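Novice: Sequence first, predicted coordinates after that:
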Amino acid sequence: MSATGVPPDLREALLAAAAADRLLVASDYDGCIAPIVSRPEDAAPDPAAIDALRVAAGLQDTTAAVVSGRALDDLVRLSGLSDGSVELVGSHGSEFTTGFRQPVTDDARALLERIIAEFRSIAIGVDGVTVEVKPVSTTLHVRNAAPNDAEVALDRARTGPASWPGVQTTEGKAVIELAVIETSKGHALDLLREQHRSDVVVYLGDDVTDEKAFAHLRGRDVSIKVGDGDTIATHHVGDPADVATVLEFVTAHRREHLAERASS
Ligand SMILES: O=P(O)(O)OC[C@H]1O[C@H](O[C@H]2O[C@H](CO)[C@@H](O)[C@H](O)[C@H]2O)[C@H](O)[C@@H](O)[C@@H]1O
């Protein structure tokens, strides 16, 4: 999708968003800013998307953000967005640079340790099943496992630790993720909207947890689902290359709008 290929309804919505008094442009990371790859540590961002976010963040009355399921330090390292100009929120919307949205108790940490131990016992000796450890959650990855092994591992997680009291379960792309505090990208967007007094939010996401973000959008906000799958988003694009195009488009028109606003 080139800039001229942005679907007409999305183009119209983005042009209206670009003319907001105060704008928040935000995106998910994996599957949006970076393509989905076999090894989570190899998920390199699209430079065009990163540049567009940096430019947007430098504009007056404009905030740029990435809201990810990744641990915050992992997101900082992978995205290269370490100077604080683009807002980064990790752990599915619960981990801000200022700390967690909700206190993480000793009981929650102990529960997380038990889940991690259980995930490790599920993964041990099974080719392609791995465990990712994050500050308030842990992810069982099955992307690189044989289909039957993947299903058995996911089932053991569902019937095991996912059923324990106090555990929040999310199933994503070839993963099951268990968290010990409530996570919501929707709440993260609410907080960013409030902090930056944004009138309009543009949000792009590709996975199940992004539906919580879409659910918090309203009015002139623009929700954009990336790739296939059921969604409540009102717009749709194909892949991370399209995400970069959308970010470049909205940033360019935002800059134009601000120049016109300044000269009128
Ligand atoms: O909210 P996001 O930024 O999209 O993060 C969601 C999860 O992304 C990562 O896993 C996914 O991407 C991996 C790399 O492409 C892929 O191998 C895996 O199958 C995907 O599920 C990340 O590893 C998780 O921690 C995030 O929760």
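Specialist: Sure thing, it's come through.
Novice: Setting aside sequence neighbours, what's the nearest residue to Ala18?
Specialist: The spatially closest residue to Ala18, leaving aside those adjacent along the chain, is His253, at 3.8 Å (CB to CB, 6 or more residues apart in numbering). No exception for glycine: its C-beta is placed from N, CA and C like everyone else's.
Novice: again, but for Gly160
Specialist: Using CB to CB, 6+ apart, the closest residue to Gly160 is Glu118 (5.7 Å).
Novice: Can you name the residues in contact with stretch 157-171?
Specialist: 69, 92, 107-108, 111, 114-115, 118-119, 122, 137, 140, 154, 176-183, 208-209 (CB atoms under 8 Å, 6 or more residues apart in numbering).
Novice: Distance from the chain centre to stretch 128-145, please.
Specialist: 17 Å (CA atoms, centre = their mean, to the nearest Å).
Novice: How far does that stretch stretch from one end to the other?
Specialist: 4 Å (CA to CA, to the nearest Å).
Novice: Distance of His235 relative to the ligand?
Specialist: Distance from His235 to the ligand, counting by CB to the nearest ligand atom, to the nearest Å: 18 Å.
Novice: Which residues are in contact with that residue?
Specialist: His235 is in contact with 7, 9-10, 13, 222-225, counting by CB under 8 Å, 6+ apart.
Novice: Run a quick neighbour tally on the residue in the stretch 51-200 of the chain that the ligand sits nearest to.
Specialist: Residue nearest to the ligand within the stretch 51-200 of the chain: Gly69 (2.6 Å; CB to the nearest ligand atom). Close neighbours of Gly69, defined as other CB atoms under 10 Å, add up to 28.
Novice: before we move on, back to that, look up how far Ala3 lies from the residue nearest to Ala18.
Specialist: 10 Å (CB to CB, to the nearest Å).
Novice: now do Ala174
Specialist: Counting by CB to CB - Ala174 and Ala3 are separated by 32 Å.
Novice: Also Asp207?
Specialist: 25 Å.
Novice: now Gly205
Specialist: With CB to CB as the criterion, Gly205 and Ala3 are 21 Å apart.
Novice: cool, and Ala188?
Specialist: Counting by CB to CB, the gap from Ala188 to Ala3 is 28 Å.
Novice: quick one, which of the two is more surrounded?
Specialist: Between Ala188 and Ala3, counted using other CB under 10 Å, Ala188 has the larger neighbour count: 27 against 12.
Novice: Verify the contact between that one and Thr209 for me.
Specialist: No - contact status for Ala188 versus Thr209: not in contact, 10.4 Å apart, counting by CB atoms under 8 Å.
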